[in-house]
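[1] Coordinates for the following, if possible.
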Amino acid sequence: MKKWGFLLLFSLCLGFAFINKALFFQDKIESQNYAQSNKDHKRLTSESTQTQIITKGQIYQGSLLLINSKYPVRQESVKLDIVNLSIHNELAKGYGLLDKNIYLSKEIAQKFSEMVNDAEKEGVNHFLIDSGYRTFSEQKRLYEEMGPSYALPAGYSEHNSGLSLDVGSSLTKMERAPEGAWLKDNAWRYGFILRYPKDKMDVTGIRYEPWHIRYVGFPHSAIMKEKNFALEEYMDFLKEQKSITTTIDNQVYKIFYYPISKNTTIPVPANGRYEISGNNMGGVIVTVYSGK
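    A predicted model of the protein is given here:
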């Protein structure tokens, strides 16, 4: 009996190992391992680290800022590379502009151009940018002219940060256009999210806007897509988990959340690529690109 029991246990182990290996090689976000304790957190950050000073002001800077009715845009949150797209032809490739006064972060315009040029290879090529960055005074005027059913007060719109843009189609409305469908399925691959999905109105507090996309960066956009998170839900998730590791297409990403109440130091890799972004809520998020 003991021998048969051992063989049965051994067979089950082999079966589980085979299943796990098959799942690991799926062409998607391959693993999501969440470190729950400080011990795990230190272990994940122990690989050749150095310390970096984080100021309280960094809470309000970066691509992962949560901007809504509770967390407004601060002046230091505005992207510093805002440009007029109509006079930068190298940035406005693959799409049209509604008018000659469309402003956007140069970095994000480059990423958007890359995205729509890839869409063109699939026959989707009627993109327009209807609106990009707006100053606080422009937002105030829009709110006063159009009212709360159309616009948000100054400082409470993502457009005031330079991180968001409204995308249209020259064919029809975005909810019916091939461009809208393509963005919904593919924008996450380029670091963009559909900020106000139809099934998240109770979370975002904003009606469905198939035209409004927001840059958060990769791999965050991929995780949000895989877990069907609105940005509010993703920020709460990171705050709760403290640290996560995920593998996407054989690339390992480690993401850490640090609450910040004053100037402090945090561990970062001594070698290798990493990015730091505030969340506009009281903390910063460190994304480490660990290589293949």
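[2] where's Met115 relative to Met281, distance?
    28 Å (C-beta to C-beta, to the nearest Å). (C-beta placed from N, C-alpha, C; glycine too.)
[3] Pick out whichever of these two has more residues nearby.
    Relative neighbour count places Met115 above the other of Met115 and Met281, with 23 against 17, counting by other C-beta atoms under 10 Å.
[4] so which helix or strand takes in that one?
    Per DSSP states H and E: Met115 is located in helix 106-120.
[5] May I see the buried residues of that helix?
    For helix 106-120, the neighbour count (16 or more other C-beta atoms under 10 Å) marks 106-113, 115-116, 119 as buried.
[6] Kindly report the same for stretch 274-289.
    276-281, 283-288.
[7] out of those, who's nearest Lys79?
    Comparing the buried residues of stretch 274-289 against Lys79 with C-beta to C-beta picks out Ser277 as the nearest, at 12.2 Å.
[8] Confirm that that closest one sits in a strand.
    Yes - with DSSP: H, G, I helix; E, B strand; the rest coil as the criterion, Ser277 is located in a strand.
[9] can you tell me which residues contact it?
    61-65, 217, 284-285, 287 (C-beta atoms under 8 Å, 6 or more residues apart in numbering).
[10] run the last query once more with 10 Å
    Contacts for Ser277 (C-beta atoms under 10 Å, 6 or more residues apart in numbering) come out as 58-59, 61-65, 216-217, 220, 283-287.
[11] quick one: it and Thr287, what's the gap?
    Distance, Ser277 to Thr287, by C-beta to C-beta: 8 Å.
[12] Overlap of the contact sets of these two?
    Taking C-beta under 10 Å, 6+ apart as the criterion, Ser277 and Thr287 both touch 62-64, 217, 220.
[13] circling back: dump the buried residues of helix 106-120 to TSV, plus pLDDT.
    Listed next are the buried residues of helix 106-120 as TSV, based on pLDDT from 0 to 100:
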residue	pLDDT
Lys106	95
Glu107	95
Ile108	96
Ala109	95
Gln110	95
Lys111	96
Phe112	97
Ser113	95
Met115	97
Val116	96
Ala119	97
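[14] Distance to Phe136 added to these, as a markdown table?
    Shown next, in a markdown table, are the buried residues of helix 106-120 (distance: C-beta to C-beta, whole Å):
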| residue | distance to Phe136 |
| --- | --- |
| Lys106 | 20 |
| Glu107 | 21 |
| Ile108 | 19 |
| Ala109 | 21 |
| Gln110 | 25 |
| Lys111 | 24 |
| Phe112 | 23 |
| Ser113 | 27 |
| Met115 | 28 |
| Val116 | 29 |
| Ala119 | 32 |
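[15] and of those residues, the nearest to Leu85?
    Ala109 (6.1 Å).
[16] Could you tell me how many residues sit around Ser86?
    14.
[17] Per-residue pLDDT of it, please?
    pLDDT recorded at Ser86 is 93.
[18] So it, which state does it fall into?
    Classified using three-state DSSP, Ser86 is helix.
[19] Please name the nearest non-neighbouring residue to it.
    Excluding its sequence neighbours, the residue lying closest to Ser86 (C-beta to C-beta, 6 or more residues apart in numbering) is Lys100, at 4.2 Å.
[20] So which bits of stretch 129-148 are buried?
    Burial within stretch 129-148, assessed by neighbour count using 16+ other C-beta under 10 Å, is assigned to 129-134, 136, 138-140, 142-143.
[21] I am finished for the moment; much appreciated.
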